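1. need coordinates for the below:
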Amino acid sequence: MELKKNLSRRHFLKYLGASAASLAATFSGLSSLSQTANASTNVNTYEQLPETFNPTLHTAADADQLLLANGFTYNVLAAYGDTINKQGDTLGFNSSYTSFFPFPESNSEALLWVNHESAKYPWMIDRSKLVSSEQQKQMLYEQGGSFIHIKKDAFGAWKLVSDSTVARRISGLTPIELTGPVRGTTAVNGATLVQGTFANRGGGKTLWNTQLTCENRYEFTSRDAGLALSHYGWMVEIDPFDHKNTPVKHTALGRFHHGSAAMTLSADNRIVVYMGEDSPDGFVYKFVSADHWTKNDGKLNAKLLSEGTLYAADFIQGRWIELSITNVRNQLNRLTYQVPEGLYKSKETLLQQFQSQSDVLASASEAATIIGATPCDRPAELTVHSTNKTVFIACTQNDSRGNLHGQIFKLKENSGGLTFQFETFITGGRQSGFSSPGSMTIDNSGNLWVASDIAADRLNSGAWSEFKNNGLYLIHPTGSAQRTKQYASAPTEAALCGLSFTENQATVFLAVNHPGAVGAGTNKPTSQWQHRASEKEPRSAVVVITGSVL
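-> As a prediction, the model looks like this:
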């Protein structure tokens, strides 16, 4: 057997996970949320994960390498600073997410979207100093995202097209249009067009094949660049194949620390976007479009993200609470209402702040706090099962509440979409073999992939010492901690993010984010993964993974 040949879809899924039918049997309805799948169901019909197969690295690893399970190899497609097109644009800093867009009618050429989450330079460490205009431009350019052009070579391996005419950067310097209720209002200082997108963490594809990218921790960059805070923290949509189409920020989806987005359809064909807020006390949100999706409308469906209803989850009551100006002001006007200490504002100040619906959307997290949504332990990532619409929510962790290792919830909507049921799917910790779930993906056959996101300065220490470096895991469809499998281990202080697949799932793309994060921007680098030959600084990168069945 050739060890370097690509896996077929059938072999790849057999090797890495259980079938979609197995997952559906476990999660097919509300009553099944707490049931265990029948182990004998379809055992002769569908390929199952062999119980003897264990793609671990034998022990948790702390090496300054990207380590994969036996039989799998990786190649670097592009690393920070590599040229990506004929114009000389370069891949941005701290790659944190990927998304695969094949060329029409092609299985050998594609665009790969890559988020760039942050930038870190020596001059950013001393925040008492003013940032020069050239430094501002560099900081803004390094963030945002890249569409890189990849193509199979004569041996069938994916390679970067470094002189591409279709690859491009979307950065903190790119003009971006505002859409929806907040466009042109006082909440954004009357703006209809803003400068750039940055602090891009996660994202999601739309049903019309465009990219949603999430603006996350935007405050430092906004202030260092002298840009209005209210212009950032939105959901951005970009068309991969249309260079003339200006990217847009959809204000109807709310402004907060966006961690991820997952789009699906409601029972009556409205667009639903689930979103997680990547904060220690963040909320889970749901946007429902006012109008209905029509398949034949193609990319014209993007207008559906400009008008609709935004909700925040109340997990205590199992309901969605509408983020409306009426609900916010009614709560603030109640004589018995006490403003939560975490808002650090009086009732009078908040009543002055929230005058219109645009104010609510522009301060969605504060509004969610006021109306009684449930704060979660950093619900950074979520994904939706395509068949049964179960929503998986990864809550990374929250030290302040003693939740050191996080957990993954699953949520199932009740009829009508205003109430739901949920339960814990799996908890992080020693019993499950991983800590701090971050990036999360469900493949086309229903297998759940989870990457850990232990903070760089906590890896290999204290409560997190036994987990070593961050890793990538396959979670059994039942959520059984004993059947969790480790597939990869990250380089020193890095996180693995944004797993995506080719359409036949024979190839995996993965972002390796912030290797050597603790030493970044100093003269004492703590990692040298993907450093250039003449340098010592580590570089984040995007890799392509292939393998063979041994």
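2. show me where the stretch 201-350 of the chain has its helices.
-> Remark: helices assigned in the stretch 201-350 of the chain by DSSP state H, counting those that start in this stretch are 219-224, 325-332, 347-353.
3. residue 63: how many residues sit nearby?
-> 14 (other Cβ atoms under 10 Å). To be clear about C-beta, it is placed using only N, CA and C from the backbone, and glycine gets the same treatment.
4. for residue 104, see how far away it is.
-> Distance from residue 63 to residue 104, counting by Cβ to Cβ, to the nearest Å: 41 Å.
5. point out where the protein drops to low pLDDT.
-> The chain contains residues with pLDDT under 70 at 1-59, 123, 125, 127, 548-550.
6. kindly recompute the last result at 80.
-> By pLDDT under 80, the weakly predicted segments of the chain are 1-60, 71, 121-129, 444-447, 477-478, 481-483, 521, 547-550.
7. closest to the centroid, which residue in it?
-> The centroid of the chain falls nearest to residue 202 when counting by Cα atoms, centre = their mean (2.7 Å).
8. need the contact list for that residue.
-> 96-97, 115, 213-214, 216, 258-261, 278, 380-381, 439, 497-498 (Cβ atoms under 8 Å, 6 or more residues apart in numbering).
9. hmm, 10 Å instead?
-> With contact taken as Cβ atoms under 10 Å, 6 or more residues apart in numbering, residue 202 is in contact with 96-97, 115, 117, 212-214, 216, 258-262, 275-276, 278, 380-382, 438-440, 497-498.
10. with residue 299 instead?
-> Counting by Cβ under 10 Å, 6+ apart, residue 299 makes contact with 206, 208-210, 237, 239, 241-242, 245.
11. let's see 7 Å
-> Neighbouring residues of residue 299 by Cβ atoms under 7 Å, 6 or more residues apart in numbering: 208, 210, 239.
12. for residue 412, give its distance to residue 474.
-> 22 Å.
13. show me where the stretch 451-550 of the chain has its strands.
-> Secondary structure of the stretch 451-550 of the chain (DSSP state E, counting those that start in this stretch): strands at 471-475, 485-489, 495-501, 508-513, 541-547.
14. any idea which of the ones you listed is most buried?
-> A comparison of these by mean neighbour count, using mean count of other Cβ atoms under 10 Å, puts strand 508-513 on top with a mean of 28.
15. who's the residue lying closest to the residue nearest to the centre of the chain once chain neighbours are set aside bridged to?
-> Nearest residue to residue 202, sequence neighbours excluded (Cβ to Cβ, 6 or more residues apart in numbering): residue 260, at 3.6 Å. Applying DSSP bridges to residue 260 gives these bridge partners: residue 276.
16. out of the helices of the stretch 201-350 of the chain, nearest to residue 416?
-> Closest approach to residue 416 among the helices of the stretch 201-350 of the chain (Cβ to Cβ): helix 325-332, 18.3 Å.
17. and that closest one, how far out from the chain's middle?
-> Relative to its chain's centre, helix 325-332 lies at 31 Å (Cα atoms, centre = their mean, to the nearest Å).
18. buried ones in that helix?
-> Neighbour-count burial for helix 325-332, counted by 16 or more other Cβ atoms under 10 Å, picks out 325, 327-329, 331-332.
19. what's the closest of these to residue 174?
-> Among the buried residues of helix 325-332, and counting by Cβ to Cβ, the member closest to residue 174 is residue 325, at 31.4 Å.
20. OK, contacts around the residue nearest to that closest one when sequence neighbours are not counted?
-> Distances taken as Cβ to Cβ, 6+ apart place residue 357 nearest to residue 325, at 4.8 Å, with adjacent residues excluded. With contact taken as Cβ under 7 Å, 6+ apart, residue 357 is in contact with 181, 324-325.
21. of the contacts of residue 202, which belong to strands?
-> 96-97, 115, 212-214, 258-262, 275-276, 380-382, 438-440, 497-498 (DSSP state E).
22. now a PyMOL select for only the buried ones of those residues.
-> The buried residues among the ones in strands among the contacts of residue 202 can be selected in PyMOL (16+ other Cβ under 10 Å) with this line:
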select buried, resi 96+97+115+212+213+214+258+259+260+261+262+275+276+380+381+382+438+439+440+497+498
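23. CSV please, covering the strands of the stretch 451-550 of the chain and showing distance to residue 349.
-> Shown next, in CSV, are these (distance: least, Cβ to Cβ, whole Å):
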stretch, distance to residue 349
strand 471-475, 44
strand 485-489, 48
strand 495-501, 38
strand 508-513, 38
strand 541-547, 45
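24. out of those strands, the one nearest residue 81 is which?
-> Here strand 541-547 is closest among these (Cβ to Cβ), at 10.1 Å.
25. now that closest one, how far from the chain's geometric center?
-> On the basis of Cα atoms, centre = their mean, the separation between the geometric centre of strand 541-547 and that of its chain is 18 Å.
26. stretch 148-167 too?
-> Counting by Cα atoms, centre = their mean, stretch 148-167 comes out at 25 Å from the chain centroid.
27. got the CA positions of that stretch in PDB?
-> Output of stretch 148-167 as PDB, limited to C-alpha atoms (Å, rounded to 0.1, in the frame of the first residue of the first chain):
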ATOM      1  CA  ILE A 148      -5.500  32.100  -1.000                       C
ATOM      2  CA  HIS A 149      -5.500  30.300  -4.400                       C
ATOM      3  CA  ILE A 150      -4.600  26.600  -4.100                       C
ATOM      4  CA  LYS A 151      -4.300  24.000  -6.900                       C
ATOM      5  CA  LYS A 152      -3.400  20.300  -7.200                       C
ATOM      6  CA  ASP A 153       0.000  19.600  -8.700                       C
ATOM      7  CA  ALA A 154       0.900  16.700 -11.100                       C
ATOM      8  CA  PHE A 155       1.000  14.400  -8.100                       C
ATOM      9  CA  GLY A 156      -2.400  15.400  -6.700                       C
ATOM     10  CA  ALA A 157      -1.100  17.500  -3.800                       C
ATOM     11  CA  TRP A 158      -2.600  20.900  -3.000                       C
ATOM     12  CA  LYS A 159      -0.100  23.700  -3.400                       C
ATOM     13  CA  LEU A 160      -0.300  27.500  -3.100                       C
ATOM     14  CA  VAL A 161      -0.500  29.600  -6.300                       C
ATOM     15  CA  SER A 162       1.800  32.400  -5.100                       C
ATOM     16  CA  ASP A 163       1.400  34.500  -8.300                       C
ATOM     17  CA  SER A 164      -2.400  34.100  -8.500                       C
ATOM     18  CA  THR A 165      -4.600  36.800 -10.100                       C
ATOM     19  CA  VAL A 166      -7.600  35.800  -8.000                       C
ATOM     20  CA  ALA A 167      -6.200  35.600  -4.500                       C
END
